[in-house]
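**Student:** Test case, fold it:
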Amino acid sequence: MSLVKTRKVGGSLVVTLPKELVESKKIKEGEIVEISVKKVRKDGFGAFKSLSPFTVRDELTVHE
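**Tutor:** Numbering: from 1, shown residues only. Just a heads-up that it's a prediction; the model follows:
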């Protein structure tokens, strides 16, 4: 599986196949290929570095 970023060309979005994938699958220009698209979910890990971790007391405060 390869992760690639979309980019806009004219009114369309395009993706570029990585060279390693093209070579391993022996894909040539003009060939028809089948693709599967799945949007990657963003991970928020590390987004709030200045906040301290939640504690049991924090959990109790929210539910009271």
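**Student:** Grab the most central residue of this protein for me.
**Tutor:** In the chain, the C-alpha nearest the mean C-alpha coordinate belongs to Val40, at 3.5 Å (CA atoms, centre = their mean).
**Student:** Find the helix or strand that that residue is a member of.
**Tutor:** Under DSSP states H and E, no helix or strand contains Val40.
**Student:** and stretch 9-16, C-alpha only, in CSV?
**Tutor:** Taking Å, rounded to 0.1, in the frame of the first residue of the first chain, the C-alpha atoms of stretch 9-16 are listed here in CSV:
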residue,chain,number,x,y,z
VAL,A,9,-4.4,20.2,-12.0
GLY,A,10,-6.9,22.3,-13.7
GLY,A,11,-10.3,21.3,-12.3
SER,A,12,-9.2,17.8,-11.4
LEU,A,13,-7.4,16.2,-8.5
VAL,A,14,-4.5,13.9,-9.4
VAL,A,15,-2.2,11.6,-7.6
THR,A,16,1.3,10.4,-8.7
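**Student:** quick revisit: roughly how far does the residue nearest to the centre of the chain sit from Thr6?
**Tutor:** 11 Å (CB to CB, to the nearest Å). All C-beta atoms are positioned from the backbone trio N, CA, C, and that covers glycine.
**Student:** which SS class is Leu13?
**Tutor:** At Leu13 the chain is in strand, as set by DSSP: H, G, I helix; E, B strand; the rest coil.
**Student:** which non-adjacent residue is nearest it?
**Tutor:** Ranked by CB to CB, 6 or more residues apart in numbering and with sequence neighbours excluded, the top spatial neighbour of Leu13 is Thr6, at 4.5 Å.
**Student:** can you pull the contacts of that neighbour?
**Tutor:** Leu13, Val14, Val15 (CB atoms under 8 Å, 6 or more residues apart in numbering).
**Student:** same question, Gly30
**Tutor:** Contact partners of Gly30, counting by CB under 8 Å, 6+ apart, are absent.
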